[in-house]
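Undergrad: turn this into a model:
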Amino acid sequence: MLEAEHLTKGYGDRTLWRDVSFSLPRGGIVGCSAPTASARARCST
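TA: Just a heads-up that it's a prediction; the model follows:
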């Protein structure tokens with residue numbers, strides 16, 4: 001299992017996510033929704 005708590009992500013002075021928490025069971029799948037391929041690539045880093 002993967003667990004993450006209280007994550008924050010931002011670029012410069014822009015906050016994209018604040019205080020995000022999640023748990024992912026073994027074998028679980030995570031997706032990322034974004035308007036462009038380059039935005040999806042940034043989402044995974």
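Undergrad: use CA for all of it now, contacts and neighbours both
TA: Fine.
Undergrad: what does stretch 11-18 contact?
TA: Contact with stretch 11-18 is made by 6-10, as judged by CA atoms under 8 Å, 6 or more residues apart in numbering.
Undergrad: for those residues, give me a markdown table that also has pLDDT, neighbour count and secondary structure.
TA: Listed next are the contacts of stretch 11-18 as a markdown table, based on pLDDT from 0 to 100; neighbours: other CA atoms under 10 Å; DSSP: H, G, I helix; E, B strand; the rest coil:
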| residue | pLDDT | neighbour count | secondary structure |
| --- | --- | --- | --- |
| His6 | 96 | 10 | strand |
| Leu7 | 92 | 11 | strand |
| Thr8 | 93 | 12 | strand |
| Lys9 | 90 | 12 | strand |
| Gly10 | 90 | 10 | strand |
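Undergrad: and those residues as a markdown table, adding distance to Gly31?
TA: What follows is the contacts of stretch 11-18, written out as a markdown table (distance: CA to CA, whole Å):
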| residue | distance to Gly31 |
| --- | --- |
| His6 | 19 |
| Leu7 | 17 |
| Thr8 | 18 |
| Lys9 | 17 |
| Gly10 | 19 |
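Undergrad: quick check, nearest of those to Ile29?
TA: Leu7 (18.7 Å; CA to CA).
Undergrad: gap between Val20 and Thr8?
TA: 7 Å (CA to CA, to the nearest Å).
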